[in-house]
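# Everything below, folded, please.
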Amino acid sequence: MNKLTLAGALSVLAASITTAQTTMNNPSNTHELRVMNQLSTQAAVVNMPVSQLLNAPGNEALKAFFFTPVASKAALKGKRIAVLVADGFEEIELTGPVWYFRELGAQVDIVAPKYNPAPERYGLMYPEMSKTHVMAIQYLQPVGWIKFDRTADQIKVADYDAVFIPGGAWNPDNLRNDRDVIRFIRDCNSVGKLIAAICHGPVVLASADILKGRKLTGYWNIQTDLKNAGGNVVEESVVTDKNLITSRHPIDVADFSRAVEKWLLKP
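Below is the predicted model:
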């Protein structure tokens with residue numbers, strides 16, 4: 001992450017230096033520089049360390065969830081879970097459940113949409129890492145990257161016992177328009193495989209059109225979308241409705257993870 005951040009910063013610095021040199025060499029370009037300055041916002045770094053989340057008042061149970069050793073390292077041995085994720089996922093909502101499921105012996109695959117950069121005219125710069133990794137955020141602030149194992153066009157429902165979708169404001173938007181992601185979710189639902197989603201993640205299920213008549217929850221500002229998709233939305237930390245498990249927020253990670261464990265352990 002630090003290398004990537006440094007590379008990005010150097011790219012921006014190089015572009016700024018080039019612009020400044022061009023302006024000095026040609027004073028008529030000062031107008032362009034003034035316009036560029038007005039189109040750009042001031043950079044700032046905001047960070048929410050995981051330790052701060054775990055140590056926040058009221059999160060004692062969440063902290064205990066992570067720091068209490070699991071009772072059985074083989075409870076989920078033989079279970080396979082696919083994590084559908086794209087750039088902009090909420091860090092703890094992926095790393096927390098994935099850590100827990102792996103601690104219990106499950107095989108967890110990080111699955112991302114096939115690399116599909118935006119058209120060149122959008123003016124976006126993609127680091128080389130984006131071909132093999134997806135970007136994590138903490139409340140809209142990019143903080144790191146995680147390597148994915150497979151792409152959504154490579155996976156089959158028969159290979160997994162469950163699919164899990166973390167939240168993050170950008171991640172679901174990047175997932176919900178991917179045909180392979182939506183196909184996989186619909187196929188999982190048609191055969192009753194477990195589908196679990198937390199925070200903003202349930203909006204991907206709305207795009208898959210599998211929420212009609214289902215009881216669920218989600219982050220507060222997407223609950224209207226879930227209702228419009230036909231869901232019966234309730235305000236609870238975790239909701240289980242047949243093969244669907246949903247939660248609202250990073251502070252619900254422990255309840256969410258245990259609900260997935262319980263579902264996978266049922267006879």
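# Spatially, and excluding backbone neighbours, which residue is closest to Glu236.
Take Glu236 and drop its neighbours on the chain: the residue closest to it by CB to CB, 6 or more residues apart in numbering is Thr217, 5.5 Å away. (Each C-beta comes from the backbone N, C-alpha and C, glycine too.)
# Hmm, Val239 and the one you found touching each other?
Yes: contact criterion CB atoms under 8 Å: Thr217 and Val239 qualify, at 4.7 Å.
# gap between the residue nearest to the spatial centre of the chain and Lys215?
What sits nearest the mean C-alpha location of the chain, by CA atoms, centre = their mean, is Phe89, with 2.3 Å. Going from Phe89 to Lys215 by CB to CB, to the nearest Å gives 25 Å.
# hmm, back to that, for the residue nearest to the centre of the chain, report the pLDDT, please.
For Phe89, the pLDDT comes out at 96.
# next one: Pro267
Value for Pro267, per-residue pLDDT: 86.
# likewise Glu235?
What the model reports as pLDDT for Glu235 is 96.
# and it, helix, strand or coil?
coil (DSSP: H, G, I helix; E, B strand; the rest coil).
# Next, count neighbours for it.
Counted with other CB atoms under 10 Å, residues neighbouring Glu235 total 9.
# so it makes contact with Thr217?
Yes: counting by CB under 8 Å, Glu235 touches Thr217, with 6.7 Å between them.
# joint contacts of the two?
Contact with both Glu235 and Thr217 is made by residues Arg248, according to CB atoms under 8 Å, 6 or more residues apart in numbering.
# all helices for the stretch 1-150 of the chain, in order.
Ranges of helices in the stretch 1-150 of the chain, per DSSP state H, counting those that start in this stretch, are 2-25, 30-39, 50-55, 60-67, 91-103.
# weakest of those helices in terms of mean pLDDT?
helix 2-25 (a mean of 47).
# which residues does Lys147 form a beta bridge with?
Following DSSP bridges, Lys147 is listed with bridge partners His133.
# is it true that it touches Met135?
No: with contact defined as CB under 8 Å, Lys147 does not count as touching Met135 (11.6 Å).
# Could you check which of the two has the larger neighbour count?
Met135 (24 against 10).
# now the strands: where do they sit in the protein?
80-84, 89-90, 107-112, 133-138, 141-147, 150-151, 162-165, 194-198, 215-216, 232-233, 238-241, 244-247 (DSSP state E).
# circling back to that earlier point, now do the shared contacts for Thr217 and Val239.
Jointly contacting Thr217 and Val239 under the rule CB under 8 Å, 6+ apart are Thr246, Ser247.
# Stretch 136-146: which residues count as buried?
For stretch 136-146, burial by neighbour count (16 or more other CB atoms under 10 Å) applies to Ala136, Ile137, Gln138, Pro142, Val143, Trp145, Ile146.
# Compute the first-to-last residue distance for that stretch.
End-to-end distance of stretch 136-146 (CA to CA, to the nearest Å): 7 Å.
# how far is that stretch from where the chain is centred?
A distance of 9 Å separates the centroid of the chain from that of stretch 136-146, by CA atoms, centre = their mean, to the nearest Å.
# same check, this time on stretch 259-267
In terms of CA atoms, centre = their mean, the centre of stretch 259-267 is set 22 Å apart from its chain centre.
# which residues sit against that stretch?
Defining contact as CB under 8 Å, 6+ apart, one finds that stretch 259-267 is touched by 75-76, 79, 81, 97, 100-101, 104, 106, 161-162, 164, 194, 196, 238, 240, 243, 245, 247.
# Using PDB, list the CA coordinates for it.
Listed next in PDB are the C-alpha coordinates belonging to stretch 259-267 (Å, rounded to 0.1, in the frame of the first residue of the first chain):
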ATOM      1  CA  ALA A 259     -24.500 -16.000  11.900                       C
ATOM      2  CA  VAL A 260     -22.700 -17.300   8.800                       C
ATOM      3  CA  GLU A 261     -20.900 -19.800  10.900                       C
ATOM      4  CA  LYS A 262     -24.100 -21.100  12.400                       C
ATOM      5  CA  TRP A 263     -25.800 -21.400   9.000                       C
ATOM      6  CA  LEU A 264     -22.900 -23.400   7.500                       C
ATOM      7  CA  LEU A 265     -22.900 -25.700  10.600                       C
ATOM      8  CA  LYS A 266     -26.500 -26.600  10.500                       C
ATOM      9  CA  PRO A 267     -27.400 -30.200   9.600                       C
END
